[in-house]
Each structure stands twice: as C-alpha cells, then as structure tokens.
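> Prediction below, plus the sequence it came from.
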Amino acid sequence: MSSNDSVISSTVPSSPITSRRVVITGMGAVSPFGPSVTELERGLRAGESAVRYHHEMTEIHGLRSLVAAKVVGIDPKQIARKHRRSMSKMSIYAALAAQEALAQAGVDVEMCRSGRLGVSLGSTVGSTEVSQAFFEDYLYDHSLERMKTTLFFQLMNHSCAANVAQTYEINGRILAPSAACATGSQALGYGYEMIVAGYQDMMLCGGADELHPLTTATFDVMHAASTAYNERPQLTPRPFDSQRDGMVCGEGSGVLLLESLDSALLRGATIHGEVIGFATLSDSTSIANPNTSMMAKCMRQALADAGIDAETVDYVNAHATATAQGDIAESQAIAEVFGEGAAVSSLKGHLGHTMAASGALETIATIGMLRDGHLVPTLHLDQVDPQCADLNYVRQPQQKNIQIALKNNFALGGVNTSLILRRYTSD
Amino acid sequence: MTEQQMITIINDALVEEFELDADEMQPELSIYDDLGLDSLDTVDMVIVLEGAFKFKIREEAEIKEIRTLGDIHEFVKRKLAAEVN
C-alpha cells in the first residue's frame, strides 16, 4: 500500500457491518437552567423550576398562557461571526451544545474532518423569529431589496444540523429529522442506527428549538398549554398531577456524541452510557391525540430492538408534558408494558417542554441518573391524577442503583419514539 | 455631508454589520484579507450601504473592483457626488 492509499483509507467512512455497540462519549446542553450539562443537572437535582412569567407575552392578543422556560446565560459570541451569521437562536443553542459535547468527547478537528463523524440534529420548524423579522420588513413595501444573503441559511429546515457541521468542519453524513416534540430522540435513534449499521463511527445527535410566542399559541389553541398558573409560574407544568392544566413551552438544545464502542475504546474515550435500543413508529390513529396502545407498541419495539425484557428496565423517563390526555395515555401505556415495576418520572416540571430539544436534554439527564444512581423525581407531582395509571412514580429524589432506562417522546403528527439506555460497564 | 462624515457613516455601518474593530478601520485595509469579509458579506455590504445612504448601487459594475476600505470610501464619494450633479 502506498502512503497515499493509507491516507485515503483513514479518511473514508467504514464499510457497513451489523450490530455494533453504541456508547455515549460526549454530552452538551443549553437549557433553561443554563449553558452546560453541569447547569442542567444542578437545576434538576436541586428540584428547581426554570419556568417564569413573561410580561411581554401579554401583548399578544388571545394568548392565555404567559409562562415559558427560556434559555439563560449563553454568550452567542463564543461562535465566530463567520459561522454565527447563518444562525438563528436555535442553531446558536445547537452549536454551543455541540461544542461542549465534542470537547467532552475529546473529538478534535481532524476527527471531525475524517468523514467518520456525522450529524443528526433537528428542530420542529425553521426559525419563526427570523421569518417574522423578514416578513415584517417585506410586507412594509413588498420589497426584497433589504434581504440579506444569510436569511435562507437561518430558515432552512436543516439549519441546525448544517450550521453545526459547518462550524466544527464535520464532513460525514447529515440528517435533520423533524418530528416536533420527538425530534431530539428520533435524531438520537437515527444516529444510533447509523453507527449500528456501520455507516459512521460517530454521530453528533440531538435537537434544538427556540421559543416564539407562536409555539405557545400552537398549544394554547388546542387547549394544551398551561393557563392557570400565570401568577404562580414555578408551580407549572405538573406532569401526572391532578392539578395539571397543560404544558409550558421551553427552548434549548441537547447534543450527544454517539460512538461505536470499538472506536471509543480505541481512542481511550470516557464512556458515559450506552444506547442499546430504539424504536419509532407512526401512530396513524390521530394527528393530535395520543393513543395508549401505539405508545405501548413503540416501547415494546424498543425493548425488542435492545433484546431485553420489560422486567430489566429500572427507570422510565416519561414524555409526560402535563397535558390532560397525554399523561393519562402515557401512564396507561407504561403500566401496560412495565406494570408498577420501573420507576417513572418526567422532567417537564423542571424544564418545561423544550420541544425538539427535549428528547436530547432528557436523555442527557437520564444518562446522568444511570451513571450516578440518582433518580430525579417529577417536580410538582403532589397528587397523582386518579385517571393516570398506578405506576412507581418517583416523588422524591432517590439514590438507587439503576442499570437500564427507557426514554419516551411522543409528538404531534403521530410520531412515537422510545430509546433504551444502559449504564456502561466495561465487562 | 463632509467627507469625514461620510467615512464615519460607512465605517460605523460596516463595524456594526460585520463586528469589526472600530479603532482599526484604516482605508488601506483589504476588505477580504484584513477585515475578513467573503462573497456573502460583500453582497450584504451593498445592502448595508444602500440602507445607510438611501441609494441604489447593487447594479454598479464598479462594486466588483472594490478591494480596500478606502475603495469603498471613494466609491461612495463618487456615487454621492454623481447624485448631487
């Protein structure tokens, strides 16, 4: 083999094989608790609420829900202008979270350029804020003469994935799944499958979203947003609780570096956890309403993908957004699959619903729980709604040695996802 | 408008749009090599200048010849003078 051949062989993606183990070697979070995984875990474990009342939302006619969980404490100028100019807020969140994940994983620019690393990162929609700014200007005189060249890059559906790849010079595959509230976990699942199949050795996976009043309005018009706690914002949302009245929208980004076990071991990376199963399906019974049997079906498919029995799952991190129908349906589905065995909690009470970011941020938190043997309870779960199924609800922080967790996300549009995560042990 | 006022308007607009250092806006600087602009930026630069001076310059062939900050100053100066005449 000539020296040229060896250079080429080290820079092309590996050939597809099957059934490789996939581990997590890096995590990054931009959340309503702050700009790092440390801040995310601190807020969750302190039992804090990131939900606040936002007076500016009173200026929007017809909006009844005036609470939200917004990102705090970031510095967008950490990203060079050359890259930031094509970013809306959601891409900035994604780029900062990706930066943290890559740094933690010890992935350098050479690995980014190798073609072995891809990106699977999505959002629910393109930036509404950028769209609004453009159309406000355009509709003034129907002129396009003030339109900047970077507008499209901030608006395109794969803006987050493309901007992250550009910023860190990632040359592998790009996926930009968009499945509303299941986007983050679907992106993780598709990234996992990409590695399992051998098309990539590493995938930078997750979701991002930025909050706009229209996001809240979307749920408010469906009577799915919390409206009764505007004067007591830190008591809502209340997953599974009898006094819940809907979800609270949030924003942020969670990004995880998934990697084949072989690759992680070869380069001596610290392994934080393992992804051992994934399932996603289309619930065609309704574009809006949750369906218990289709939720249960998704969880069972994920268990089958992992090759494990339901009894081995110690903890379920629920989607549970605190809507009337969703929590009941999910609790019944969890009961159908796990009975009262697995411990169950939702993190929406702390973080609100961070939309496309939620699957990734909540997976990061779940990996931390597996690693540290610590269960975060559902915030504000004072009295379980009698219509919700009897489950092993986590009501207080618990130190418990857990090995396997299932992470649910269910989205408008009928997209169900379940990930199976395992505490990593070297034997 | 004095020439210095015109230069100030140009420099301020470019500093804001491209996050440049206001203290280093020397006319001999290359807009590409020194100020770090690229092809997308130069299109947006035209839009910024049109907004600042309320004129239309995007179809002007001379724009393609601009290399330095001083070239921009001279171009805008000629354009404003032409409008007065």
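Done, it's in. Residues are numbered from 1 along each chain as shown, chains lettered A, B, ... in the order given.
> tell me which element the residue nearest the centre of chain B falls in.
With distances taken as C-alpha atoms, centre = their mean, the residue of chain B nearest its centroid is B:I72 (4.0 Å). Using DSSP states H and E, B:I72 sits in helix B:69-84.
> And A:K82, by the same measure?
Using DSSP H and E, the element containing A:K82 is helix A:81-84.
> How many residues are close by the closest residue to A:P213 other than its chain neighbours?
For A:P213, ignoring the flanking residues on the chain, the nearest one in space by C-beta to C-beta, 6 or more residues apart in numbering or on different chains is A:I60 at 5.1 Å. In this view, the C-beta of every residue, glycine as well, is placed from N, C-alpha and C. By other C-beta atoms under 10 Å in any protein chain shown, 14 other residues sit near A:I60.
> ditto for A:L175
The burial count for A:L175: 18, using other C-beta under 10 Å.
> quick one, phi/psi of the residue lying closest to it once chain neighbours are set aside?
Leaving aside its sequence neighbours, A:L175 sits nearest to A:S120 (C-beta to C-beta, 6+ apart; 4.1 Å). Per-residue torsions, A:S120: phi -130, psi 100 (degrees, to the nearest 10).
> For A:S120, give me its contacts.
A:161, A:174-177, A:187-188, A:190-191, A:194, A:203-206 (C-beta atoms under 8 Å, 6 or more residues apart in numbering or on different chains).
> 6 Å instead, please
Counting by C-beta atoms under 6 Å, 6 or more residues apart in numbering or on different chains, A:S120 makes contact with A:175, A:187, A:190-191, A:203, A:205.
> right, and the secondary structure at B:D33 would be what?
Under the three-state scheme (DSSP: H, G, I helix; E, B strand; the rest coil), B:D33 adopts coil.
> burial measure for it, as a count.
10.
> Verify the contact between A:T149 and B:S39 for me.
No. In this structure A:T149 lies outside contact range of B:S39 using C-beta atoms under 6 Å: 8.6 Å.
> neighbour count winner among the two?
Legend: neighbour count by other C-beta under 10 Å for A:T149 and B:S39, higher for A:T149 (15 against 8).
> quick one: which of the contacts of A:S120 is nearest A:G250?
Nearest to A:G250 among the contacts of A:S120, counting by C-beta to C-beta, is A:A187 at 17.6 Å.
> in which helix or strand would I find that closest one?
Assigned by DSSP H and E, A:A187 belongs to helix A:183-196.
> got the contact list for that helix?
Under the criterion C-beta under 6 Å, 6+ apart, residues A:20, A:22, A:120-122, A:175, A:177, A:179, A:200, A:203, A:205-207, A:258, A:260, A:275, A:278, A:280, A:356-360, A:409, A:417, A:419 lie in contact with helix A:183-196.
> So which of the residues you listed are in helices?
A:358-360 (DSSP state H).
> can you redo those residues as JSON lines with distance to A:D137, pLDDT and neighbour count?
Output for those, formatted as JSON lines (distance: C-beta to C-beta, whole Å; pLDDT from 0 to 100; neighbours: other C-beta atoms under 10 Å in any protein chain shown):
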{"residue": "A:S358", "distance to A:D137": "32", "pLDDT": "98", "neighbour count": "29"}
{"residue": "A:G359", "distance to A:D137": "34", "pLDDT": "98", "neighbour count": "33"}
{"residue": "A:A360", "distance to A:D137": "33", "pLDDT": "98", "neighbour count": "34"}
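> Is it possible to get JSON lines of these that adds distance to A:F33?
Formatted as JSON lines, these follow (distance: C-beta to C-beta, whole Å):
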{"residue": "A:S358", "distance to A:F33": "14"}
{"residue": "A:G359", "distance to A:F33": "17"}
{"residue": "A:A360", "distance to A:F33": "14"}
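> Closest one to chain B out of those residues, please.
For these, the minimum distance to chain B (C-beta to the nearest C-beta) is 29.8 Å, reached by A:A360.
> what sits against that closest one?
Each residue near A:A360 by C-beta under 6 Å, 6+ apart is listed here: A:184, A:206-207, A:254.
> With respect to A:R113, which of those residues is nearest?
Nearest to A:R113 among the contacts of A:A360, counting by C-beta to C-beta, is A:G206 at 20.7 Å.
> What separation do you get for the closest one and chain B?
Using C-beta to the nearest C-beta, to the nearest Å, A:G206 is found at 27 Å from chain B.
> what pairs with that residue across the strands?
For A:G206, the beta-bridge partners under DSSP bridges are A:L121, A:V255.
> Give me the neighbour count for it.
A:G206 is flanked by 39 other residues according to other C-beta under 10 Å.
> shouldn't it be in contact with A:G254?
Yes. Checked against C-beta under 6 Å, the pair A:G206 and A:G254 is within contact range at 4.7 Å.
> Show me what counts as buried in stretch A:255-265.
By neighbour count with 16 or more other C-beta atoms under 10 Å in any protein chain shown, stretch A:255-265 contains the buried residues A:255-261, A:263-264.
> for stretch A:77-90, same thing?
Using 16+ other C-beta under 10 Å as the test for burial, stretch A:77-90 gives A:79, A:82-90.
> Below-threshold pLDDT in the stretch 1-150 of chain A: ranges please.
A:1-18 (pLDDT under 70).
> what about A:E145, which helix or strand?
A:E145 belongs to no helix or strand, assigned by DSSP H and E.
> Could you measure from it over to chain B?
7 Å.
> And the helices in chain B?
B:3-18, B:39-53, B:69-84.
> ok, back up a step: out of the contacts of A:S120, which one sits closest to A:Q301?
For those, the nearest to A:Q301 is A:Y190 (14.8 Å; C-beta to C-beta).
> Can you pull the residues of chain A lying near chain B?
A:81, A:148-149 (C-beta under 6 Å from any C-beta of the partner chain).
> from the stretch 101-250 of chain A, which residue is nearest to chain B?
A:T149 (4.5 Å).
> For that residue, list the residues it contacts.
By C-beta under 6 Å, 6+ apart, the residues touching A:T149 are B:40, B:43-44.
> mind putting those residues in CSV, neighbour count and pLDDT included?
Listed next are the contacts of A:T149 as CSV, based on neighbours: other C-beta atoms under 10 Å in any protein chain shown; pLDDT from 0 to 100:
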residue, neighbour count, pLDDT
B:L40, 15, 95
B:V43, 14, 95
B:D44, 17, 96
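> Quick check: which ranges of chain B have low pLDDT?
Ranges of chain B meeting pLDDT under 70: none found.
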